[in-house]
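1. Pasting the sequence and the predicted model now:
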Amino acid sequence: MKVENNKNTIRLPETELPRIVVLGGGFAGLSLAKKFKNQDVQLVVLDKNNFHQFQPLLYQVATSGIVPDSIAFPFRKQFKTYNNVYFRMANVERIDKETKCVYTDIGMVAYDYLIIATGSDTNFFGLEDVQMHSLGMKSIQEALDIRSLLLQRFEKAVVTDDDELRNALTNFAVVGGGPAGVETVGAIAEFKKYILPKDYPDLDTSIMTIYLIESNERLLSGMSDKASKNAIKYLEDLGVKVHLKTRVTSYDGENIKTADDQHFKAKSMIWTAGVRGNVPEGIEEDSLARGNRLVVNEYSEVKGCSDVYAIGDIASMSTKDYPNGHPMVAQVAIQQGDLLAKNILNKWKGKELEKFVYNDKGSMATVGKKKAVADIGRFKFGGYFAWLLWSVVHLMSISGFKNKLFVGINWIWSYFTYDKGNRLIMRRYKKSKRLD
Ligand SMILES: Cc1cc2nc3c(=O)[nH]c(=O)nc-3n(C[C@H](O)[C@H](O)[C@H](O)COP(=O)(O)OP(=O)(O)OC[C@H]3O[C@@H](n4cnc5c(N)ncnc54)[C@H](O)[C@@H]3O)c2cc1C
């Protein structure tokens, strides 16, 4: 692609090769980029962060289990042996599909082919007060906010003489009973059980109530009934109060109200109840599906756009087995990224293209230490073995040998000591003034 560099274009080497611009270096964007390593194409990866993040372990960062650096991997390190990939840290704002350009906060870049892999963000379903006062957990930055929030609450609780305030400060609510909510609430319950009595011996931790609130009639709706029932049992054993068929309608920073007129008190609420696609401007309504996802065909082509593809959480591909689109999980994103790269290369060679068929390798969720649930094909099981499997699979999936090693050592350490070594308040919780 021959594009002249001017002050509004992102500086890139001129090339005669086709230019593929990838928006987002998550599971989908990164797996695609890896397949184009040193191929005859100029690949430009744009991401608002300078690192790839491993979202499945965000909850461990949020609850002081591991350091954030161990689930992040710098793009420049990833691409250092790729002679055709250019990373630019940029926030993507708009696409102009007529002129085939992407506009970002650092300038414009023209493309021959565009891959949208910007993933999804927390969906507050228009509940403005909930958005204002609760925390989402879709990024390392948000996980660090939660970590600080949790610890700052205890620091405040230990110095107040006001019993009611102490109760509200130590109560935590997690809304959303999917894997993220279940794993987070389990880790908070373990924090209460193993860490608080040691760190805050003069705080009566029995006053702390942890709620998991889910609007559905069961937890882990993407998994089997057995997994849901096991998860509830493990959580209740840890002292979590699980409320099913309960839809949160408002939250003022302390009082949680629900559609069926229930009322919970907690100064901290983590919202994992829904996600919506991060669609850049410039895409017509007609190309959007439920959950603000992009409608794509089985070759990942975005409806109504030419040379524009979408993969991962952002893409809604309706198939016979998944009429409402595939589940928003890492395996779908990775497999779509792999296949799209293969198809683009095959298209250039005049070979036949392959339709995407999701190979579901199973689902797992952990509930505290030594307990997890797993649905692997027809095998549905829970308990210690599921937890071991969960640990191995997640450890192997983290990017970078050093990260695997650090997380592995951390887990072994806390397995034997029941400790969570990273309980540091490194930032102020800035979303509202509640902690000031
Ligand atoms: C807390 C949590 C736990 C999870 N647990 C599991 C699990 O156990 N198993 C599982 O399979 N899945 C899990 N998931 C889901 C899984 O992480 C996602 O399905 C997967 O990350 C989707 O990959 P993606 O590449 O589509 O998007 P992402 O991984 O979200 O990547 C999107 C990328 O786009 C970038 N981006 C977004 N907007 C812009 C913009 N405007 N400009 C520039 N860059 C942008 C982001 O920085 C990010 O790097 C979990 C998700 C969360 C949040």
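-> Happy to help now that I have it. Numbers count the residues shown, from 1 in each chain.

2. and the closest residue to the ligand within the stretch 51-200 of the chain, how many neighbours does it have?
-> Residue nearest to the ligand within the stretch 51-200 of the chain: Gly119 (2.5 Å; Cβ to the nearest ligand atom). All C-beta spots, glycine's among them, are computed from the backbone N, C-alpha and C. Gly119: 24 surrounding residues under other Cβ atoms under 10 Å.

3. name the element the most far-flung residue of the chain relative to its centre belongs to?
-> Largest separation from the mean C-alpha position in the chain: Asp161, at 38.2 Å (Cα atoms, centre = their mean). Asp161 belongs to no helix or strand when assigned by DSSP states H and E.

4. still on that earlier bit, surely the residue of the stretch 51-200 of the chain closest to the ligand and Leu30 touch.
-> No - checked against Cβ atoms under 8 Å, the pair Gly119 and Leu30 is beyond contact range at 11.3 Å.

5. mind listing what Pro18 touches?
-> Counting by Cβ atoms under 8 Å, 6 or more residues apart in numbering, Pro18 touches 1, 41-42, 112-113.

6. Distance check, it against Cys305.
-> 17 Å (Cβ to Cβ, to the nearest Å).

7. Lys351 too?
-> 23 Å.

8. ok, those two, which is more surrounded?
-> Cys305 (19 against 11).

9. Need the phi and psi values for that one.
-> In this entry, Cys305 is assigned phi and psi values of phi -130, psi 140 (degrees, to the nearest 10).

10. Show me which residues of this structure sit near the ligand.
-> 24-29, 46-49, 55-56, 58-59, 91-92, 117-119, 137-138, 179-180, 278, 312-314, 328-331, 333 (Cβ under 6 Å from any ligand atom).

11. How about the contacts made by the residue found closest to Ser139 once you drop the neighbours it is linked to in the chain?
-> Among residues not flanking Ser139 along the chain, Gln53 sits closest, at 6.7 Å (Cβ to Cβ, 6 or more residues apart in numbering). Applying Cβ under 8 Å, 6+ apart to Gln53 gives the contacts 26, 71-73, 139-140.

12. In strands only, show me the residues you listed.
-> Using DSSP state E, 72-73 are the members of the contacts of Gln53 that sit in strands.

13. can you put the contacts of Pro18 in JSON lines and add pLDDT, distance to Gln262 and secondary structure?
-> Below are these laid out as JSON lines (pLDDT from 0 to 100; distance: Cβ to Cβ, whole Å; DSSP: H, G, I helix; E, B strand; the rest coil):
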{"residue": "Met1", "pLDDT": "62", "distance to Gln262": "58", "secondary structure": "coil"}
{"residue": "Val41", "pLDDT": "97", "distance to Gln262": "56", "secondary structure": "coil"}
{"residue": "Gln42", "pLDDT": "98", "distance to Gln262": "56", "secondary structure": "strand"}
{"residue": "Asp112", "pLDDT": "97", "distance to Gln262": "55", "secondary structure": "coil"}
{"residue": "Tyr113", "pLDDT": "98", "distance to Gln262": "51", "secondary structure": "strand"}
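
14. the bottom helix or strand of the chain by mean pLDDT?
-> helix 401-417 (a mean of 90; mean pLDDT, DSSP states H and E).

15. Can I get it in PDB, CA atoms only?
-> In PDB, the C-alpha atoms belonging to helix 401-417 read as follows (Å, rounded to 0.1, in the frame of the first residue of the first chain):
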ATOM      1  CA  PHE A 401       7.400 -18.000  30.000                       C
ATOM      2  CA  LYS A 402       8.300 -15.500  32.800                       C
ATOM      3  CA  ASN A 403       4.600 -14.800  33.400                       C
ATOM      4  CA  LYS A 404       3.800 -18.500  33.600                       C
ATOM      5  CA  LEU A 405       6.600 -19.000  36.100                       C
ATOM      6  CA  PHE A 406       5.600 -16.100  38.300                       C
ATOM      7  CA  VAL A 407       1.900 -17.000  38.400                       C
ATOM      8  CA  GLY A 408       2.800 -20.700  39.000                       C
ATOM      9  CA  ILE A 409       5.100 -19.800  41.900                       C
ATOM     10  CA  ASN A 410       2.500 -17.500  43.300                       C
ATOM     11  CA  TRP A 411      -0.200 -20.200  43.200                       C
ATOM     12  CA  ILE A 412       2.100 -22.800  44.800                       C
ATOM     13  CA  TRP A 413       3.000 -20.300  47.500                       C
ATOM     14  CA  SER A 414      -0.600 -19.400  48.300                       C
ATOM     15  CA  TYR A 415      -1.700 -23.100  48.100                       C
ATOM     16  CA  PHE A 416       0.500 -23.900  51.000                       C
ATOM     17  CA  THR A 417       0.300 -20.600  53.000                       C
END
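
16. Quick check: which helices or strands does it pack against?
-> helix 384-397 (3 or more Cβ pairs under 8 Å, 6 or more residues apart in numbering; DSSP states H and E).

17. how distant is the helix it packs on from the center of its chain?
-> Distance of helix 384-397 from its chain centroid, counting by Cα atoms, centre = their mean, to the nearest Å, is 18 Å.

18. what do you get for stretch 106-114?
-> 26 Å.

19. Can you give the contact residues for that stretch?
-> By Cβ under 8 Å, 6+ apart, stretch 106-114 touches 1, 3, 7-10, 12, 18-21, 23, 44, 46, 88-91, 95, 97, 99-102, 307-309, 344.

20. can you give me the strands in the stretch 201-350 of the chain?
-> Ranges of strands in the stretch 201-350 of the chain, per DSSP state E, counting those that start in this stretch, are 210-213, 241-243, 248-251, 255-258, 263-265, 268-271, 275-277, 288-289, 293-296, 308-310, 315-317.

21. how about those strands in CSV, adding distance to Val174, mean neighbour count and mean pLDDT?
-> Converted to CSV, the strands of the stretch 201-350 of the chain look like this (distance: least, Cβ to Cβ, whole Å; neighbours: other Cβ atoms under 10 Å; pLDDT from 0 to 100):
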stretch, distance to Val174, mean neighbour count, mean pLDDT
strand 210-213, 5, 24, 98
strand 241-243, 10, 18, 98
strand 248-251, 11, 19, 98
strand 255-258, 11, 18, 98
strand 263-265, 11, 14, 97
strand 268-271, 5, 25, 97
strand 275-277, 15, 21, 97
strand 288-289, 28, 17, 97
strand 293-296, 25, 25, 98
strand 308-310, 30, 26, 98
strand 315-317, 27, 25, 98
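
22. Let me see the contact set for the residue nearest to Trp387 when sequence neighbours are not counted.
-> With Cβ to Cβ, 6+ apart as the criterion, Trp387 has its nearest non-adjacent residue at 4.0 Å, and that residue is Ala372. Going by Cβ under 8 Å, 6+ apart, Ala372 touches 364-366, 382-383, 386-387, 389-390.
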